[in-house]
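**Q** I'd like to go over a predicted model; first the sequence, then the structure.
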Amino acid sequence: MESDTITYKSNIVVAFVESTGIYFVIGIFNNMSKSNKLNIGLGILSWNDPEKLKRTLASYKYSGLLNMVLEKKIYFQEVDEKDIEIARKYGLEVYGSKENIGIGKGFLELASSFESDHILLLENDWVSLRGEEFIYDHLSKAIGLLNNGIDCVRMRHKNIYGYPHYSVTRYKGNELDYYDDWIKLSHPHLIDVVHWIEDPESRFKGKIEKNEDFFVASSRYANWTNNPCIYKREFYIDVVRDFVGRGIDLEENISYWWARSDFRVAQGDGIFCHLDIKKHGIHDGQTLRCLFKVTINEVLYKLINIVRD
């Protein structure tokens, strides 16, 4: 029976058993002191959608993410006073530009501003679906991987990944039988099969391997992505600085080189779901599952705090 533990500010630990749809109070979890915070800089890139940003930041608050990292910052494209007000409500350090400098430059500005050894970079449409205890453990393991030969750990939720997921729509069912025109290689997105195949290390031996709770592949089979990932800060800056380009150029600029550099990329159960209702609507089952879980987490958090008060 699979469960996802959710921890709230009240220190009450609640487990959601997905097969039953029922939440159970199962114990107590202590608030983290500064000495227990993870050596991670959390960086959020945002542009022109305050309501989406509010939902996303609320999910980070309810899941405990904002409380467990050493640094948390946000970079606003075309920043205004409303943006700053929202960010400060959640205790974020604010950076920004009056212009839209693009995804690559925005992420590079964020990465360069941190002192933490590791960085977790997110756009404002990635909500957290996990609980505090799970997130702390998952990020701790990711740091361990980064300190032992892994270059990038992906953080997209393995099962509730949101919409769109282009690898699912384009490559599911023909995992080895496609050619990527950007990258000029066959099946460079292969690691994404973890989202729909339970045993990829068996199905794709020599390309994907299992490392405890994570699947690992060479960047030959794990394309560059702007989806949520954690890196060593210095590695990210060194890799990205020559490819940032303008607008959304980063992903296309870096992909050819990345696939031929034999970096090591890992993907575990993940934390974040892509949720952009304004842009994509709610026509997809993934969006509904994501929205339902975010809403339930918020309601439970607020109910528990009402009981405390």
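**A** Received the coordinates, thanks.
**Q** who's in contact with stretch 110-117?
**A** 39-41, 43-45, 69-71, 73, 75, 95, 119, 121, 232-233, 236-237, 240 (C-beta atoms under 8 Å, 6 or more residues apart in numbering). From N, CA and C alone the C-beta is placed, and that goes for glycine too.
**Q** and those, which are buried?
**A** Buried members of those, counted by 16 or more other C-beta atoms under 10 Å: 40-41, 43-45, 69-71, 73, 75, 95, 119, 121, 232-233, 236-237, 240.
**Q** quick one, phi psi at Glu93?
**A** Torsion angles at Glu93 (phi, psi; degrees, to the nearest 10) stand at phi -80, psi 130.
**Q** switch to numbering from 21
**A** In the new count, where the first residue is 21, that last one comes out as Glu113.
**Q** for it, which non-adjacent residue is spatially closest?
**A** Lys93 (4.4 Å; C-beta to C-beta, 6 or more residues apart in numbering).
**Q** tell me how far the closest residue in space to Ser238 that isn't next to it in sequence lies from Ser187.
**A** Take Ser238 and drop its neighbours on the chain: the residue closest to it by C-beta to C-beta, 6+ apart is Asp282, 5.3 Å away. Separation of Asp282 from Ser187 (C-beta to C-beta, to the nearest Å): 21 Å.
**Q** again with Asn194
**A** Asn194 is 11 Å from Ser187, by C-beta to C-beta.
**Q** of those two, who's got more company?
**A** Set Asn194 next to Ser187 and count neighbours by other C-beta atoms under 10 Å: Ser187 wins out with 20 against 9.
**Q** excluding residues flanking it in the chain, which one is nearest the more buried one?
**A** That would be Asp212: by C-beta to C-beta, 6+ apart, it lies 3.6 Å from Ser187.
**Q** swap in Asp233?
**A** Using C-beta to C-beta, 6+ apart, the nearest residue to Asp233 is Gly288, at 5.1 Å.
**Q** need the contact list for that neighbour.
**A** His158, Lys161, Ala162, Val173, Lys178, Asp233, Phe234, Phe235.
**Q** count the residues that sit near the second one.
**A** As a burial measure, Lys161 scores 17 neighbours (other C-beta under 10 Å).
**Q** any low-confidence regions in the stretch 171-320 of the chain?
**A** For the stretch 171-320 of the chain, no stretch has pLDDT under 70.
**Q** which parts of it are strands?
**A** 172-176, 199-200, 205-206, 228-231, 234-238, 249-252, 284-294 (DSSP state E, counting those that start in this stretch).
**Q** so which of those strands is nearest Phe127?
**A** Closest to Phe127 of the strands of the stretch 171-320 of the chain, according to C-beta to C-beta: strand 249-252, at 10.4 Å.
**Q** strand partners (parallel or antiparallel) of that closest one?
**A** Using DSSP bridges, strand 249-252 pairs in its sheet with strand 138-143 (antiparallel), strand 172-176 (antiparallel).
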